[in-house]
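Asker: What follows is a predicted protein model with its sequence.
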Amino acid sequence: TGSSQPQRMLKAVQKNATKGDPQSVISAIDHYCRNKEWAMNVGDDKGLILDSVLTEVNPSAALELGTYCGYSTVRIARLLSPGSKLITVEFNPAFAAVARQIIAYAGLQDKVTLVEGPSGDLIPKLRERFGVKSFDFVFLDHWKDRYLLDTKLLEDCGLLQKGTVLLADNVICPGTPEYLKYVRSSPRYESRYYKSNLEYTKLEDGLEKSVFLG
Ligand SMILES: O=C(NCCCCc1cc2ccncc2s1)c1cc(-c2ccc(F)cc2)cc(O)c1O
Ligand SMILES: [Mg+2]
């Protein structure tokens, strides 16, 4: 049995990045995915928008839905202030296994808690399991048809507070039409679209930033 694409991505990190240097891990993945094998990381173009929104929010408690290989996990965790934490949720055990190694290679394991399982089951357990009161920042990058369901679940579980920022990937490609309609029409959100392009391509994609108004 040959290696999987996530395993090849991990090899590229181990070969081309410097242990403990998150930026070199990010660059190694971007270089690999642009030149060797496309992969569904948020990528460098949308990654710059993620960085700027994250720096502006400076969250103490962040949540990521959809870890994949940990590229955006590393982008987020490297910008967190000391003592701040990121919980990232991944459904696929093979992806989670690679992500753990990439996060550790970047030296960010102390800031990140990777939880395996379906978001719908895990979200209601986050408070009791990890002592989370509420999140300041949520990055949505998992199943596109779960963005709306899980946003409503986060609301119902009281895990959003006034000012919480939701940042959603792929609102154009593959697209999240019901989610967009909800956050753009609900009086409980102030929403804004950041136009960009689908990772490593010239196709349009973008991020939607939605502030929960309470
Ligand atoms: O599906 C995507 N991302 C989700 C993977 C699903 C992983 C999950 C995590 C999790 C955690 C908890 N509960 C349930 C789940 S399910 C995705 C796809 C494309 C794309 C774009 C154009 C294409 F032609 C082909 C693919 C681009 C992207 O940036 C993506 O993020
Ligand atoms: Mg994505």
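Answerer: All right, it came through fine. Numbers count the residues shown, from 1 in each chain. Ligands and ions are numbered 1, 2, ... in the order given.
Asker: Give me every residue in the chain lying close to ligand 1.
Answerer: Residues of the chain lying close to ligand 1 (C-beta under 6 Å from any ligand atom) are 40, 65-66, 89-91, 118-119, 141-143, 169-170, 173-174, 198-199. Glycine gets a C-beta too; all of them are placed from N, C-alpha and C.
Asker: Next up, the contacts around whichever residue of the chain sits closest to ligand 2.
Answerer: Shortest the chain-to-ligand 2 distance, computed as C-beta to the ion: residue-wise this is residue 169, at 3.7 Å. The neighbourhood of residue 169, defined by C-beta atoms under 8 Å, 6 or more residues apart in numbering, consists of 42, 46, 66, 72, 139-141, 205, 207.
Asker: Among the residues you listed, which one is most surrounded by other residues?
Answerer: Counting neighbours by other C-beta atoms under 10 Å, the top entry in those is residue 140, with 28 neighbours.
Asker: if I pick it, what's in contact with it?
Answerer: The contact partners of residue 140, taken as C-beta under 8 Å, 6+ apart, are 65-66, 147, 150-151, 166-169, 179.
Asker: if you set the cut-off to 6 Å instead, what comes out?
Answerer: Going by C-beta atoms under 6 Å, 6 or more residues apart in numbering, residue 140 touches 65, 147, 168.
Asker: Closest one of the residues you listed to residue 53?
Answerer: Taking C-beta to C-beta as the measure, residue 53 lies nearest residue 168 of the contacts of residue 140, at 11.1 Å.
Asker: May I have the beta-bridge partners of that closest one?
Answerer: With DSSP bridges applied, residue 168 shows beta-bridge pairing to residue 140, residue 208.
Asker: now it: how far from residue 37?
Answerer: Shown here: residue 168 relative to residue 37, a distance of 25 Å by C-beta to C-beta, to the nearest Å.
Asker: if you count what's nearby, which of those two comes out ahead?
Answerer: When residue 168 is set against residue 37 and neighbours are counted by other C-beta under 10 Å, the residue ahead is residue 168, at 25 against 12.
Asker: so what's the more buried one up against?
Answerer: Residues in contact with residue 168 (C-beta under 6 Å, 6+ apart) are 140, 147, 208.
Asker: For the protein, what lies in contact range of ligand 2?
Answerer: When proximity is defined by C-beta under 5 Å from the ion, the chain lies next to ligand 2 at 141, 169-170.
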